[in-house]
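Peer 1: could you work out the structure for the sequence below:
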Amino acid sequence: RAPRFVEVPAPNGTLVRVPKLIYATAHKRHRTHELVAKAFRAGFQGVDTAHGERKRYNESAVGEALVDGVFVQLKIHYAPTGGSSTDAGRRCYAAARRGLAELGVERVGAMLLRGPSEEARQTGTLSQEDVQAWRSLQRLSEEGRADLIGVCNFPPALLEELLALDGPPCRLHQTRVRADRAFNGEDRALAAKH
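Peer 2: Below is the predicted model of the structure:
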């Protein structure tokens with residue numbers, strides 16, 4: 001029988017048990033509480049949600065359905081505006097704190113930055129907004145608000161840039177696995193490298 005968890009090293013040296021299969025809570029709307037509770041009864045050990053994407057997620061209902069011992073992954077959508085990089089960091093930090101409050105928890109197993117910015121996608125290099133948003137996740141990690149920090153949907157070249165930054169490291173990358181991209185061979189090679 002294959003193991004149901006992967007052990008990922010946290011910045012403090014402990015190993016965090018991350019479920020290989022996590023229940024996604026997008027598009028559940030008014031049925032979120034019912035369906036998340038049903039997922040836990042069916043054996044799911046983790047749940048994924050995202051703050052700042054209200055049309056797809058209902059975090060307070062996810063929080064109401066939480067049970068002890070489950071892994072919670074919170075994605076932060078900080079919506080780059082082309083403003084100052086300091087503002088991006090503040091917006092990301094505030095969004096994460098609001099997400100924790102809506103879930104009714106002080107800390108989560110993982111916090112992921114959903115992005116990168118459109119500017120980074122177009123130029124092939126992280127924008128200052130992306131860097132400051134990442135720095136806010138590092139700060140939240142240092143404050144004990146997340147065991148692990150990571151990203152969602154970062155192209156490999158931008159992820160390499162992020163991995164080169166100092167501070168608590170990126171430990172998770174959530175991305176779509178697509179047949180038309182050779183099942184993300186480039187992403188998997190980057191994960192094996194690091």
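
Peer 1: contacts, neighbours, all on C-alpha from now
Peer 2: Will do.

Peer 1: what are the ranges of the helices in the protein?
Peer 2: Ranges of helices in the chain, per DSSP state H, are 32-41, 59-65, 85-103, 118-123, 128-142, 156-163, 185-193.

Peer 1: out of the ones you listed, which comes closest to R176?
Peer 2: Nearest to R176 among those is helix 185-193 (10.1 Å), distances taken as C-alpha to C-alpha.

Peer 1: show the pLDDT at the residue nearest the centre of the chain.
Peer 2: What sits nearest the mean C-alpha location of the chain, by C-alpha atoms, centre = their mean, is L112, with 2.0 Å. In this model, L112 is scored at 97, pLDDT.

Peer 1: now the one 3 residues further on
Peer 2: The confidence metric pLDDT takes the value 85 at G115.

Peer 1: sorry, back to before: adding distance to T25, mean neighbour count and mean pLDDT, write the helices of the chain out as a markdown table.
Peer 2: Putting the helices of the chain into a markdown table (distance: least, C-alpha to C-alpha, whole Å; neighbours: other C-alpha atoms under 10 Å; pLDDT from 0 to 100) gives the following:
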| stretch | distance to T25 | mean neighbour count | mean pLDDT |
| --- | --- | --- | --- |
| helix 32-41 | 7 | 18 | 96 |
| helix 59-65 | 8 | 21 | 94 |
| helix 85-103 | 12 | 20 | 90 |
| helix 118-123 | 25 | 14 | 92 |
| helix 128-142 | 22 | 23 | 95 |
| helix 156-163 | 25 | 17 | 94 |
| helix 185-193 | 24 | 12 | 81 |
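
Peer 1: can you say which of those helices is nearest to K75?
Peer 2: Of these, nearest to K75 by C-alpha to C-alpha is helix 85-103, at 8.2 Å.

Peer 1: contact partners of that closest one?
Peer 2: Applying C-alpha atoms under 8 Å, 6 or more residues apart in numbering, the contact partners of helix 85-103 are 50-52, 59-64, 74, 76-78, 80-81, 106-108, 128-137, 140.

Peer 1: just checking, the residue nearest to the centre of the chain touches C152?
Peer 2: Yes: using C-alpha atoms under 8 Å as the test, L112 is close enough to C152 to be in contact (6.1 Å).
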